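Visitor: Show me the folded form of this:
(2 chains)
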Amino acid sequence: MYVVIVGCSAEGYHLSKGLLASGYEVVVIDKNEARCHLLYNELGSIMVHGDGTDQNILEAAGAARSDMLIATTRTDQTNLIACQTAKQIFNVPRTASIVVDTKNEPLFHMLGVDVVVNSTHLAVTQLEAKVQGKPLVHLMNLRASNTELVNIAIPEDAAVIGKRLSDIQMPDTSFVSLIVKKDNPTIANPNSVIEAHDEIIAITTTEEEHLLYETLTGV
Amino acid sequence: MDALIFGCGRLPNMLIEYLQQEGYNITVIASEQNPLIELEKKYSISTILIKDPLIQDYLHEANMSIAEMFFALSSCDNTNIMLSQIAKHLFNVNTVICHIEDPNLHDIYSELGLDVIGKSDSQLYQKTINLIEA
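Guide: Down below sits the predicted model:
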């Protein structure tokens, strides 16, 4: 398996080390000559110095025979164009990219990047989950635009406690899918009764998220 | 009718006068402050200065969703390409014109369906006139 990595950011660096350790053939392209030199000493001759959106550089890196291209620069433009060039010119079977601006994620999917990792979103989710007493945590964005999976913890004083799901007026396009009670997940049904400290896994939209939060945690 | 221009070099300068004659409201977004101020002095247009890399927020501010035309004319091919694709695919702007200097990228994105103009200025002028008249 031959992998071309564009951008030796922190992510690119650790990824290339990990892949090398598992026996993959890896080439890393980076614009910064000093960084290429530094990494040459550590990782060996896997560095190509140049712009990963430049066809000649991609060719020199062997993109045409690669199984996958992974773009890990901190610039969305560079990542997108590296992936599109890889597909269009070198027929690379699989492309993956980091996106920094969360709003660009749908564009990357739409334009055929196979794997899109929203690094900002990932970091925010992790941090959000660690803020004490924060009852709503984003789990992931779904492919359909604006749709997301969230986890809401029911506070002790919520008005919905003791009610059945069917008796709660939910926002139009928000749906409870799982209710986790004391570590025991149960599939939500109209007769499920909400209790304090339940974790509700729900599908909602960015527009309705706030309303859903109010509905389930309001006093 | 709203037209949005990204970049504030020579190409945008050439276009603004023509678009205004055709009755367009023009907003120019760019990351260089001084040329933007110069443009503002010269023409009655709105300007938006880009101060950080999260460009999509500026496109919302510029009301891209109701713009009829978007021109990506900065000196950075990569940013032009990404913004043109955002305009076309996320904001459904009718007419999108993208300036690309690199001949390889020029070919790739023409093939992917963008209206691309290359180095020559007359190309931009002619293409814009054709699109407006069509």
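
Visitor: ok, and the closest non-adjacent residue to the residue lying farthest from the centre of chain A?
Guide: Most distant from the centre of chain A: A:Gly162, at 35.5 Å, with distances by CA atoms, centre = their mean. Nearest residue to A:Gly162, sequence neighbours excluded (CB to CB, 6 or more residues apart in numbering or on different chains): A:Val193, at 6.6 Å. Yep, even glycine has a C-beta here, placed from its N, CA and C like the rest.

Visitor: contacting residues for that neighbour?
Guide: By CB atoms under 8 Å, 6 or more residues apart in numbering or on different chains, the residues touching A:Val193 are A:Gly162, A:Lys163, A:Arg164, A:Leu165.

Visitor: got the residues of chain A near chain B?
Guide: Within chain A, the positions adjacent to chain B are A:53-55, A:75-78, A:80-81, A:84-85, A:88-89, A:100-101, A:103-104, A:106-107, A:110-111 by CB under 8 Å from any CB of the partner chain.

Visitor: by contact count, what packs against the lengthiest helix in chain A?
Guide: The longest helix of chain A (DSSP state H) is helix A:76-90. Where contact means 3 or more CB pairs under 8 Å, 6 or more residues apart in numbering or on different chains; DSSP states H and E, helix A:76-90 is packed against strand A:2-6, helix A:55-60, strand A:68-71, strand A:94-99, helix A:105-110, helix B:77-85, helix B:103-111.

Visitor: now the angle between strand A:2-6 and that helix, please.
Guide: 140 degrees (axes from the mean of the first three to the mean of the last three CA atoms, to 10 degrees).

Visitor: Do a quick rundown of the helices in chain B.
Guide: With DSSP H as the criterion, chain B has helices at B:10-21, B:33-42, B:55-61, B:77-85, B:103-111, B:121-133.

Visitor: show me what contacts the spatially closest residue to B:Met64 that is not a sequence neighbour?
Guide: Setting aside the residues directly before and after it, B:Met64 is nearest to B:Phe91 in space (CB to CB, 6+ apart), at 4.6 Å. The neighbourhood of B:Phe91, defined by CB under 8 Å, 6+ apart, consists of B:Leu59, B:Met64, B:Ser65, B:Ala67, B:Phe70.

Visitor: So what pairs up with the residue nearest to A:Gly162 in the strands?
Guide: Judged by DSSP bridges, the bridge partners of A:Val193 are A:Arg164.

Visitor: And it, how close does it get to A:Val150?
Guide: 20 Å (CB to CB, to the nearest Å).

Visitor: With B:Ile100 instead?
Guide: Between B:Ile100 and A:Val150 the computed distance is 40 Å (CB to CB).

Visitor: Please identify which of the two sits among more neighbours.
Guide: The residue with more neighbours, out of B:Ile100 and A:Val150, is B:Ile100; 23 against 19, by other CB atoms under 10 Å in any protein chain shown.

Visitor: what's B:Ile129 in contact with, if anything?
Guide: When contacts are counted by CB under 8 Å, 6+ apart, B:Ile129 touches B:Tyr18.

Visitor: Can you give the domain ranges for chain B?
Guide: If you go by automatic domain parsing, the domain ranges for chain B are B:18-59, B:87-134.

Visitor: where does chain B come near chain A, residue by residue?
Guide: Contacts of chain B with chain A, taken as CB under 8 Å from any CB, map to B:53-57, B:76, B:78-79, B:81-82, B:85-86, B:89-90, B:102, B:104-105, B:108, B:111-112.

Visitor: can we see that at 7 Å?
Guide: B:54, B:56, B:78-79, B:81-82, B:85-86, B:89-90, B:104, B:108, B:111-112 (CB under 7 Å from any CB of the partner chain).

Visitor: Counting neighbours, what do you get for the closest residue to B:Phe6 other than its chain neighbours?
Guide: Once flanking residues are discounted, B:Phe6 sits nearest to B:Ala72: 4.8 Å by CB to CB, 6+ apart. Residues near B:Ala72, counting by other CB under 10 Å, number 27.

Visitor: Equivalent analysis for B:Gln21, please.
Guide: Look at B:Gln21: counted by other CB under 10 Å, it has 8 neighbours.

Visitor: Next one, pLDDT for it please.
Guide: At B:Gln21, the model reports a pLDDT of 89.

Visitor: Sticking with A:His121, tell me its helix or strand.
Guide: Element membership for A:His121, per DSSP states H and E: helix A:119-130.
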